[in-house]
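> What follows is a predicted structure for the sequence shown.
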Amino acid sequence: MTYLSVENLSKSFGMTPLFENITFGISKGDKTALVAANGTGKSTLLRILAGKEVQDNGRVMVQNKVDIGYLEQEPELDPSFTIREFISQGNSGMIEIVQEYERTVSAQAENFNESTQEAFMKASSAMDRANAWDYEQRMEQILGRLNIHNLDQPISTLSGGERKRVALAFVLLDQPDLLLLDEPTNHLDVEMIEWLEAYLAKSNITLFMVTHDRYFLDRVCNHIIEMEDSQLYHHKGNYSYFLQKRAEREEIEKTETAKAGQLLKKELEWMRRQPKARTSKSKSRIDAFYEIKDQASQGRQESEIELNVSMKRMGGQILELETISKEFGDTVILDDFSYSFKKGEKVGIIGKNGVGKSTFLKIITGEEKPDSGDVKTGMTIEYGHYRQDGIHFDEEMRVIDVIKEVAEVIELADGNRVSASKFLEHFMFTPEMQYTPVHKLSGGEKRRLGLMMVLVKNPNFLILDEPTNDLDLTTLQKL
């Protein structure tokens, strides 16, 4: 059964088309991922499917009685609610059923009669149909796994990551028929991601999602839709299978383009001889020539991020942490911790949300002071800190001007120096995009610009706090 169908869907942002005339369907039981570069409208497409945004052209058709759950990339929650009030609000069909059942139980206890008995039986049947009897148990499990414990905490006090987890819990609890997820693993720690992988992989839920976590894709999805140059390519398999098939397709395209190029040379010589007799045969050959010319010019335009920036020279001393301690209220982040970083070392920091990973990184750079202990940084160390919440730009500035504020000329790893405009091209910002205001960039494009702003200063000690959030797969693989 097809739950959702998209027919000739188009959407533009200003004068720039995001996607044009795309058609596909989502069938019951499919776990589908949409793969495309930043700025191609993945989040916009999800919003259209969820009914949150209107397309320019085309139709979205949803099977009758199919419930859709939608998790936004940056959820907007009512700050006047507590977590409990948000989760208990009446927008969730499952919660409405549970609340109605609880009301009929209370009504029977207060006044047992034929009317309350009939309401109770009706509510019980609804609980059966919705399979809602284990709702409280599932709510406790999901909230606990997502590290949501204080349900009386106001939404207004939550961080962006905490809001994402509350919104994720809300949409999972409702058990929709079709689940639309936009970057579900952002802000989740490793343990939470592993639980979410297992939950989605084992459930019968139908899934359509956008994520840049290739390992999550591999373990959860059985269908990949690739969107490139307004074309859709379907791959029945996980992400590894998709990579294999895409490489095969690109190789076939290169071969066909090369053959067309060779044939074009031959036909071009014939055209230059300008045959005088325009017979039907020669006219047919002329028409064929222009078809061959179009095919030969359709070679893939390779666009790849180049992270070939220079870095400042590094001396013998890198960074030493000696007996560092740090507390926030009752939370102990570091207790008498010592470590000496070595040249060329690549260190990963893992831990549950809220244990202080980002604070630890700020102690390294000196933005946060330890309660006790010493941080000894080498004289030649230049930090490049790519932050979890990204870099905040003046949204009205043009992309080119953002970079020029830092440097007009940038030195590359090979010693060559390039202009800010050329350096932007290394980061897949076309000349047209360079003169676009920042507010018109997608979330992933802003993150890529933020990464560029870190690297443009030629750091020799790079600190990456959640670098996989919102960067596209091409950028992540190169990074």
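That came through, no problem. Remember, predicted model here, so these are calculated numbers, not experimental data. Numbering: from 1, shown residues only.

> what's the spacing between the host helix or strand of E425 and its chain's center?
For E425, the element it lies in under DSSP states H and E is helix 420-426. Relative to its parent chain, helix 420-426 has a centroid offset of 24 Å by Cα atoms, centre = their mean, to the nearest Å.

> Specify the next element, helix or strand, located C-terminal of that helix.
Counting by DSSP H and E, what follows helix 420-426 is helix 431-434.

> So which elements touch the helix or strand just after that next one?
Downstream of helix 431-434, the first helix or strand assigned by DSSP H and E is helix 443-455. Packed against helix 443-455 by the contact rule (3 or more Cβ pairs under 8 Å, 6 or more residues apart in numbering; DSSP states H and E) you find strand 383-386, helix 399-404, helix 473-478. Glycine gets a C-beta too; all of them are placed from N, C-alpha and C.

> Apply 6 Å and report the result again.
Helix 443-455 sits against strand 383-386, with contacts defined as 3 or more Cβ pairs under 6 Å, 6 or more residues apart in numbering; DSSP states H and E.

> Relative to the whole chain's centre, how far out is the strand it packs on?
22 Å.

> Partner strands of that strand, with direction?
strand 461-464 (parallel) (DSSP bridges).

> Send me the partner strand as CSV with only the CA atoms.
What follows is strand 461-464, C-alpha atoms only, in CSV (Å, rounded to 0.1, in the frame of the first residue of the first chain):
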residue,chain,number,x,y,z
PHE,A,461,44.9,22.6,16.9
LEU,A,462,41.4,21.8,15.6
ILE,A,463,38.5,21.3,18.0
LEU,A,464,35.3,19.9,16.5
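
> any idea how far it is from the chain center?
21 Å.

> swap in stretch 398-414?
26 Å.

> hmm, who's touching it?
308, 310, 393, 417-418, 420, 423, 429, 434-437, 456 (Cβ atoms under 6 Å, 6 or more residues apart in numbering).

> Which of these sits closest to L45?
Nearest to L45 among those is T436, at 20.5 Å by Cβ to Cβ.

> if we can go back for a sec, want to throw the contacts of stretch 398-414 into CSV with neighbour count, distance to D182 and pLDDT?
Listed next are these as CSV, based on neighbours: other Cβ atoms under 10 Å; distance: Cβ to Cβ, whole Å; pLDDT from 0 to 100:
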residue, neighbour count, distance to D182, pLDDT
N308, 11, 32, 70
S310, 16, 36, 68
F393, 19, 22, 80
R417, 11, 40, 83
V418, 14, 35, 82
A420, 20, 32, 84
F423, 22, 30, 83
F429, 24, 23, 85
Q434, 17, 27, 88
Y435, 13, 28, 89
T436, 17, 23, 87
P437, 15, 23, 89
V456, 19, 29, 82
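
> Just name the closest of those to P154, please.
F393 (29.3 Å).

> Q63 contacts G25, correct?
No. The criterion here is Cβ atoms under 6 Å, and Q63 misses it with G25 at 10.2 Å.

> Disregarding residues adjacent in the polypeptide, which is nearest to L77?
I155 (4.8 Å; Cβ to Cβ, 6 or more residues apart in numbering).

> P79 versus that neighbour, what's the distance?
5 Å (Cβ to Cβ, to the nearest Å).

> And the two? Which one has more around it.
I155 (17 against 12; other Cβ atoms under 10 Å).

> Please identify every residue contacting each of Q63 and G25.
In contact with both Q63 and G25: no residue, using Cβ under 6 Å, 6+ apart.

> any low-confidence regions in the chain?
15, 90-93, 253, 256-307, 309-310, 390, 470 (pLDDT under 70).

> Go through stretch 53-73 and flag the buried ones.
55, 58, 60, 62, 66, 68-73 (16 or more other Cβ atoms under 10 Å).

> Break down the stretch 51-200 of the chain into its helices, ranges please.
83-88, 93-110, 114-130, 135-145, 160-173, 190-202 (DSSP state H, counting those that start in this stretch).

> hey, which of the ones you listed is tucked in deepest?
When these are scored by mean count of other Cβ atoms under 10 Å, the highest mean neighbour count falls to helix 160-173 (a mean of 21).

> and that one, how far out from the chain's middle?
Worked out by Cα atoms, centre = their mean, helix 160-173 lies 16 Å from the chain centre.

> ditto for stretch 87-106
Using Cα atoms, centre = their mean, the offset of stretch 87-106 from its chain centre is 33 Å.

> about what we covered before: return the member of the buried residues of stretch 53-73 nearest to L9.
Using Cβ to Cβ, the buried residues of stretch 53-73 come closest to L9 at G58, 3.6 Å.

> give me the number of residues near D374?
So D374, with other Cβ under 10 Å, has 11 neighbours.

> Test my guess that it contacts E322.
Yes. In this structure, D374 is within contact of E322 by Cβ under 6 Å, at 4.5 Å.

> Pairing partners for the helix or strand where L34 lies, with directions?
Here L34 sits within strand 31-35, counting by DSSP H and E. Strand pairing for strand 31-35, using DSSP bridges, gives strand 206-210 (parallel), strand 223-228 (parallel).

> Going C-terminal from it, what's the next secondary structure element?
By DSSP H and E, the next helix or strand past strand 31-35 is helix 42-49.
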